[in-house]
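S.K.: show me how the following folds:
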Amino acid sequence: MKKLIDFGRKTLFYIRVLSGYEERQIRSHRLHLQKRLQEAEVRKQALRGIPEKIILTEVRHMVEEMQKFKKKFEEMEVAIEEHLKPLDMEAQMIMKEQLEGEERNMKEMVKVMQSQAIMRQAEEERFAVLQQKVEPKDDSSENETKSTNSSG
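M.R.: Residues are numbered from 1 along each chain as shown. Down below sits the predicted model:
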C-alpha cells in the first residue's frame, strides 16, 4: 500500500511537471520572493535615511531654539537700553557740565597766562630800559680801560 501511495505521488508530480503547473507555481514563488526582496531593500533604504532625518530634525530644532534665544536676547537688550536711557542722559549732562567747567578753567588759565606774559614783557622792557641807562656809564668806563690798556 505504501508503494502504491508513493507511486501515486510520483505520478501526480510528473503530471504536474508535464502540465506546467509545477513550473508556474515555482515561477510564482520566485516572483513572490523577488518582490519581498525588493520591498526589504526599500525598507532598508528607508531605514538608512532615518538617521539623516533624525539629524535634520534635531538641527532644525536647534536652529529654532537659537532663533528664539536670539529674539529673547534682542528683547532683553532693548529693555536694558530703555532702562539705562535716563542714566545715559544724566551721564551726558554731567559730562557736558564737566567739559564746560574745564573749558572755563582753560579760558581762565589762558587769561592768567596772557596777563603773566604781558607782565613779564613789561618787566623785560623795564629791565631793558634800565640796562640801557646803565650801559652808557659802563661804556665810558670800558673805554677808559681800553685806552689805558692800549697805551700801556
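
S.K.: report the longest helix in this protein, please.
M.R.: helix 21-151 (DSSP state H).

S.K.: other SSEs contacting that helix?
M.R.: helix 2-19 (3 or more CB pairs under 8 Å, 6 or more residues apart in numbering; DSSP states H and E). (Each C-beta comes from the backbone N, C-alpha and C, glycine too.)

S.K.: got the contact list for the helix it packs on?
M.R.: 22-23 (CB atoms under 8 Å, 6 or more residues apart in numbering).

S.K.: again, 10 Å this time
M.R.: 21-26 (CB atoms under 10 Å, 6 or more residues apart in numbering).

S.K.: repeat for stretch 89-107
M.R.: L84.

S.K.: quick one: mean pLDDT for that stretch?
M.R.: Mean per-residue pLDDT for stretch 89-107: 93.

S.K.: when you give positions from now on, start the count at 5
M.R.: Done: numbering now begins at 5, and the last item shifts to stretch 93-111.

S.K.: dump the C-alpha coordinates for that stretch into PDB.
M.R.: C-alpha atoms of stretch 93-111 as PDB (Å, rounded to 0.1, in the frame of the first residue of the first chain):
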ATOM      1  CA  MET A  93      21.100 111.200  29.600                       C
ATOM      2  CA  GLU A  94      22.300 112.100  33.100                       C
ATOM      3  CA  ALA A  95      25.800 111.000  32.300                       C
ATOM      4  CA  GLN A  96      25.800 113.100  29.200                       C
ATOM      5  CA  MET A  97      24.600 116.100  31.100                       C
ATOM      6  CA  ILE A  98      27.300 115.600  33.700                       C
ATOM      7  CA  MET A  99      30.000 115.200  31.100                       C
ATOM      8  CA  LYS A 100      28.800 118.300  29.300                       C
ATOM      9  CA  GLU A 101      28.900 120.300  32.500                       C
ATOM     10  CA  GLN A 102      32.400 118.900  33.300                       C
ATOM     11  CA  LEU A 103      33.600 119.800  29.800                       C
ATOM     12  CA  GLU A 104      32.100 123.300  30.100                       C
ATOM     13  CA  GLY A 105      33.800 123.700  33.500                       C
ATOM     14  CA  GLU A 106      37.100 122.500  32.100                       C
ATOM     15  CA  GLU A 107      36.700 124.900  29.200                       C
ATOM     16  CA  ARG A 108      36.000 127.800  31.600                       C
ATOM     17  CA  ASN A 109      39.100 126.800  33.600                       C
ATOM     18  CA  MET A 110      41.200 126.700  30.400                       C
ATOM     19  CA  LYS A 111      39.900 130.100  29.400                       C
END
